[in-house]
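Colleague: Any chance you can model this:
(one chain, ligands or ions: 1)
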Amino acid sequence: MERENILVLDFGGQYNQLIARRVRECHVYCEVHSSDMEISKIREMSPKGIILTGGPNSVYDPSSPHADQELFSLGIPVLGICYGAQILAWQLGGKVATAPVSEYGKTETTVDTTKGLFKNWSGTSVAWMSHTDYIETAPEGFEVTGHTADCPVAAMQDESKGYYAVQFHPEVVHTDEGKKLFDNFVFDICGCKGDWQMTSFIETTVAAIKEKVGDGKVLLGLSGGVDSSVAAALLSKAIGKQLTCVFVDHGLLRKNESEEVESVFGNNGLFELNFVKADASAHFYSRLSGITEPEQKRKIIGAEFINVFESEAKKIGAVDFLAQGTIYPDVIESGLGKSATIKSHHNVGGLPEHVNFKEIIEPLRMLFKDEVREVGLELGLPPYLVYRQPFPGPGLGIRIIGEVTSEKVRIVQEADAIYRAEIDKAAKEWSAEAGDRTLPPWMPSQYYAALTNLRSVGVMGDGRTYDYAVALRAVITSDFMTATAAPIPWEILNHAADRIVNEVKGVNRVLYDCTSKPPATIELE
Ligand code: XMP
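Modeller: From the prediction side, this is the model:
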């Protein structure tokens, strides 16, 4: 690989993606590969540095993954993190054993600030620990560069050989000075320049798409989500009208979303491409009529989505490529298969089986979400689209408890639009008051209104009402696998509730969901 890069070898740790992201944040390209990647392939890639990730195993267990010993004679700097640090210690002749005290969580760690990884560190600071084994004795030639109360070798190095190791996790935000460690490793130790920019990504990817597609035709399923929208913009820049985007409106989108997608990608939109919109709302509502079980709803929506997409695709005829908005976390999560916890995928319907195409094209498959967003902005997509919060494929279908009807969709769309607008407004005001671009501490990662199946008695004017209860949800999460309910200030919730009952016909009660995940999930169904 010509481009300067760092290689992350994955030993199954849950933070492996974060490591790669931290390196990319230094503007250095980085790929995650399985720990058993062949040495010849590593040579071919010619990384400026190699990072060995954490993992759930014990190095002294013969069945656990180890590094190819040749890795240590490539003359490339190696940084071991957690299990990766133990691998370095163990395979280079040190001792690793079960720690008398396992450390977990924020731990005061003292490091030698004159040593490579710790330049600009403050000496003693908080680092995130999560280990039951520890390095008892560093290998010969190594010097210990960090320790904690219970961990005698929290960091070590052999500068002459380019080996560095830390028992803690510099990649997680709970390690206060973790970013400096990555800066020190990639720039000072590996000698990277840091020239990985999204503008150059766009240039090289556009050229690569042109070459691959030639004068062929490309079909893309556009959902209006961030990934498929950015993929559409990128493909359009490369091949213009050779691209056809099919947008299936299943009638379960948020308020105005369908119109927004059309205004950006439609005939009078911002991009040169063929836009096909299938307005299938009525079809979906009829298929969902009488269905109340959540998984059954998901299955119907997924299957119908593919059906509608395929019938639109048939009208276009044979295409050469089917494009997808796959991004790097999807690749890592489904491809390497080593991480102890793998997020389950909720893709709508899966891949169409009856579309006639030769090859799949995935222009964003090496990018993280924040990079995809950057590319989107660079390509001129409106910020509201680029910063959309996650929205499930089955859409409002799983935010309406019980049977889906067009009337319930209207109610939840209206309530949700009000709630999101109030949260956004309050967040903007908070930031303006703070005088910078920081977000309020209660800022949720995902927030929406759902329609419960509960109807209850209320009073409005002089009359009795018997209407629906809307549930407001807002969670703070970094990985969507666990989440806490966001502590939205009362005035905001109260004001949103007032507006919803006053402005949305059919609602007389608003509830706030205070549960974390687990035991609840983020969506109500
Ligand atoms: P849960 O409800 O499982 O949600 O805690 C975790 C994240 O996944 C999204 N989600 C879905 N996304 N199809 C999707 O494309 C689905 O069926 C689905 N269910 C949940 C949810 O919005 C949250 O971001």
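Colleague: all contacts plus neighbour counts: C-alpha atoms, from now on.
Modeller: OK.
Colleague: show me the contacts for Leu379.
Modeller: By CA atoms under 8 Å, 6 or more residues apart in numbering, the contact list for Leu379 reads Ala233, Leu234.
Colleague: tell me the phi and psi of it?
Modeller: phi -90, psi 0 (degrees, to the nearest 10).
Colleague: For it, give its distance to the ligand.
Modeller: With the distance defined as CA to the nearest ligand atom, to the nearest Å, Leu379 ends up 25 Å from the ligand.
Colleague: Let the chain start at 473 from now.
Modeller: In the new numbering, first residue 473, that becomes Leu851.
Colleague: Report all helices and strands that the longest strand anywhere in the chain contacts.
Modeller: Counting residues, the longest strand found in the chain (DSSP state E) is strand 567-583. Helices and strands touching strand 567-583, by 3 or more CA pairs under 8 Å, 6 or more residues apart in numbering; DSSP states H and E, are helix 555-563, strand 596-609, strand 615-619.
Colleague: Give me the contact list for the helix or strand just after the shortest one.
Modeller: It stands for strand 615-619. Sequence order places strand 627-630 as the next helix or strand after strand 615-619, per DSSP states H and E. Contacting residues not belonging to strand 627-630 are listed as 583, 610, 613-619, 635-639 [CA under 8 Å, 6+ apart].
Colleague: where along the stretch 673-822 of the chain do the strands fall?
Modeller: 690-694, 715-721, 746-751, 793-795 (DSSP state E, counting those that start in this stretch).
Colleague: List the neighbouring strands of the last one plus their orientation.
Modeller: When you say that, I think you mean strand 793-795. Looking at strand 793-795 with DSSP bridges, its partner strands are strand 690-694 (parallel), strand 831-833 (parallel).
Colleague: hmm, back to that, most neighbours among the contacts of strand 627-630, which one is it?
Modeller: Ala637 (30 neighbours; other CA atoms under 10 Å).
Colleague: packing partners for the one helix or strand that one maps to?
Modeller: According to DSSP H and E, Ala637 maps onto strand 635-638. Other helices and strands packing on strand 635-638, by 3+ CA pairs under 8 Å, 6+ apart, are strand 550-553, helix 555-563, strand 627-630.
Colleague: Nearest to Pro959, out of the ones you listed?
Modeller: Closest of the helices and strands packed on strand 635-638 to Pro959 is strand 550-553, at 34.0 Å (criterion: CA to CA).
Colleague: What average pLDDT does the closest one get?
Modeller: Averaging pLDDT along strand 550-553 yields 98.
Colleague: now the helices and strands packed on strand 635-638 as CSV including mean neighbour count and distance to the ligand?
Modeller: Output for the helices and strands packed on strand 635-638, formatted as CSV (neighbours: other CA atoms under 10 Å; distance: least, CA to the nearest ligand atom, whole Å):
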stretch, mean neighbour count, distance to the ligand
strand 550-553, 27, 28
helix 555-563, 27, 28
strand 627-630, 25, 36
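Colleague: Adding distance to Ser758, write these out as a markdown table.
Modeller: Output for the helices and strands packed on strand 635-638, formatted as a markdown table (distance: least, CA to CA, whole Å):
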| stretch | distance to Ser758 |
| --- | --- |
| strand 550-553 | 54 |
| helix 555-563 | 53 |
| strand 627-630 | 62 |
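Colleague: Give me the distance from the helix-or-strand element of the chain with minimal mean pLDDT to the chain's centre.
Modeller: When the helices and strands of the chain are scored by mean pLDDT, DSSP states H and E, helix 800-807 comes last with a mean of 81. Relative to the centre of its chain, helix 800-807 is centred 10 Å away, using CA atoms, centre = their mean, to the nearest Å.
Colleague: is it up against the ligand anywhere?
Modeller: No. Contact of helix 800-807 with the ligand (CA under 6 Å from any ligand atom) is absent, the minimum separation being 12.4 Å.
Colleague: What residues does the stretch 873-997 of the chain have near the ligand?
Modeller: So far as CA under 6 Å from any ligand atom goes, the stretch 873-997 of the chain lies against the ligand at Phe952, Thr993, Ile994, Glu995.
Colleague: follow-up on the earlier one: which of the strands paired with strand 793-795 has the highest mean neighbour count?
Modeller: strand 690-694 (a mean of 25; mean count of other CA atoms under 10 Å).
Colleague: List the strands paired with the longest strand of the chain, with their directions.
Modeller: Sheet pairing for strand 567-583, using DSSP bridges, gives strand 596-609 (antiparallel), strand 615-619 (antiparallel).
Colleague: And the closest residue to Tyr555 other than its chain neighbours, how far from Leu868?
Modeller: Setting aside the residues directly before and after it, Tyr555 is nearest to Gly526 in space (CA to CA, 6 or more residues apart in numbering), at 4.2 Å. Noted for Gly526: a distance of 38 Å to Leu868, by CA to CA, to the nearest Å.
Colleague: can you check Gln768 too?
Modeller: Plainly put, Gln768 is 14 Å away from Leu868 if you go by CA to CA.
Colleague: what's the residue nearest to Trp600 when sequence neighbours are not counted in contact with, if anything?
Modeller: Excluding the flanking residues, the one nearest Trp600 by CA to CA, 6+ apart is Lys578, at 4.6 Å. If you count contacts by CA under 8 Å, 6+ apart, Lys578 has them with Val598, Ala599, Trp600, Met601, His646, Thr647.
Colleague: and which of those residues is nearest Val736?
Modeller: His646 (39.2 Å).
Colleague: Now for that closest one: which residues touch it?
Modeller: Lys578, Val598, Ala599, Trp600 are the contacts of His646 under CA under 8 Å, 6+ apart.
Colleague: That one: what secondary structure?
Modeller: Following DSSP: H, G, I helix; E, B strand; the rest coil, the label given to His646 is coil.
Colleague: Now do it against Trp600, distance only.
Modeller: On the measure of CA to CA, His646 and Trp600 end up 6 Å apart.
Colleague: And Thr937, by the same measure?
Modeller: Distance, Thr937 to Trp600, using CA to CA: 54 Å.
Colleague: Between the two, tell me which one has more neighbours.
Modeller: Taking other CA under 10 Å, Thr937 and Trp600 do not tie; Trp600 has more neighbours (23 against 16).
Colleague: Got phi/psi on the residue nearest the centre of the chain?
Modeller: Central residue check for the chain by CA atoms, centre = their mean: the C-alpha nearest the mean position is that of Lys841, 5.5 Å away. With angles defined as degrees, to the nearest 10, Lys841 sits at phi -60, psi -40.
Colleague: hang on, the earlier thing: I'd like the strands paired with strand 567-583 as JSON lines, with mean pLDDT appended.
Modeller: Shown next, in JSON lines, are the strands paired with strand 567-583 (pLDDT from 0 to 100):
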{"stretch": "strand 596-609", "mean pLDDT": "96"}
{"stretch": "strand 615-619", "mean pLDDT": "98"}
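Colleague: between those strands, which gets nearest to the ligand?
Modeller: Proximity to the ligand (CA to the nearest ligand atom) singles out strand 596-609 among the strands paired with strand 567-583, at 24.7 Å.
Colleague: Okay, buried residues for that closest one please.
Modeller: Val598, Ala599, Trp600, Met601, Ser602, His603, Thr604, Asp605, Tyr606, Ile607, Glu608, Thr609 (16 or more other CA atoms under 10 Å).
Colleague: Same question for stretch 752-766.
Modeller: For stretch 752-766, by 16+ other CA under 10 Å, it's Ala752, Ser753, Phe756, Tyr757, Leu760, Pro766.
Colleague: Now, those that are in helices?
Modeller: Judged by DSSP state H, the buried residues of stretch 752-766 include Ser753, Phe756, Tyr757, Leu760, Pro766 as members of helices.
Colleague: Identify the residues contacting the last one.
Modeller: Spelled out, it's Pro766. Contacts of Pro766 (CA under 8 Å, 6+ apart): Ile870, Ile873, Gly874, Glu997.
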